[in-house]
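Engineer: Have a look; sequence and predicted model below, questions after that.
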Amino acid sequence: MTIQQTGLMQLPGEGTSYWFAQDLYTFKAVGAETGQAYALCEVVVAPEGGGTPLHRHLRENESFYIQEGELEFNLDGQIIIATPGMFLQSPKGQLHQFTNKSYLPAKMLVWVTPAGFEKFIADVGKAANSVISAPSLSPTDLERILATAPKYGIEILPPPAENVA
């Protein structure tokens, strides 16, 4: 017996896109299309501070393949400067963060296994088809992200306290 499977194909510029803070996430494959095995997205990380806060996923492993630009990764306290062609993997439970400290955008593929992370981005992001450029992140947006993250097994850590003299 032969089982026919339908494959996926996304042409350049295709996929469902969301602004998440300053960064653009375009999903090329989501759980509904992969039997919940994985989600794959292309992320354009804004220059001069785009990226994520320190966080961990309690449900998913997250892998990163750098396509363009340079990103600073923090993987459990180890700082790595990631450049085109580099691959990094953060297993579930590992504290991690990426930041674009350069003056140019960076682009990477992010593969999340199993799927589910795409639902978080859809829940808290802003559909890119209705917003041409990155919208500002309001205090209300930030509160919504922090309140919604635990629903998806994501723990966002607050930034370190500043030493006040």
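Structural biologist: Cool, the structure landed.

Engineer: Which helix or strand lies directly C-terminal to the longest helix belonging to the chain?
Structural biologist: Ranked by residue count and defined by DSSP state H, the top helix of the chain is helix 139-148. Downstream of helix 139-148, the next assigned helix or strand under DSSP states H and E is strand 154-156.

Engineer: what about Gly85, how many residues close to it?
Structural biologist: 8 (other C-beta atoms under 10 Å). (Each C-beta comes from the backbone N, C-alpha and C, glycine too.)

Engineer: My understanding was that it contacts Ile66; is that so?
Structural biologist: Yes. Gly85 lies in contact with Ile66 (C-beta atoms under 8 Å); the separation is 6.7 Å.

Engineer: got any ranges where this protein has weak pLDDT?
Structural biologist: By pLDDT under 70, the weakly predicted segments of the chain are 1-5, 130-135, 137, 142, 146, 159-165.

Engineer: Which parts of it are helices?
Structural biologist: Ranges of helices within the chain are 31-34, 117-124, 139-148, based on DSSP H.

Engineer: So which of these is nearest Glu42?
Structural biologist: Nearest to Glu42 among those is helix 117-124; the distance by C-beta to C-beta comes to 12.3 Å.

Engineer: So what angle separates the directions of the closest one and helix 139-148?
Structural biologist: Helix 117-124 and helix 139-148 are oriented at 140 degrees to each other (axes from the mean of the first three to the mean of the last three C-alpha atoms, to 10 degrees).

Engineer: Now do the same contact list for the residue nearest to Leu157 when sequence neighbours are not counted.
Structural biologist: Excluding the flanking residues, the one nearest Leu157 by C-beta to C-beta, 6 or more residues apart in numbering is Leu54, at 4.5 Å. Leu54 makes contacts with Asn74, Leu95, His96, Gln97, Ile156, Leu157, Pro159, as judged by C-beta atoms under 8 Å, 6 or more residues apart in numbering.

Engineer: What distance do you get for the closest residue to the third one other than its chain neighbours to Thr140?
Structural biologist: Taking C-beta to C-beta, 6+ apart as the measure, His96 lies nearest to Ser90, with 4.4 Å between them; neighbours along the chain are not counted. Remark: distance between Ser90 and Thr140 (C-beta to C-beta, to the nearest Å) = 29 Å.

Engineer: Tell me how far the nearest residue to Glu48 once chain neighbours are set aside lies from Tyr152.
Structural biologist: Closest residue to Glu48 apart from its sequence neighbours, by C-beta to C-beta, 6+ apart: Tyr103 at 6.1 Å. From Tyr103 across to Tyr152, the span is 32 Å (C-beta to C-beta).
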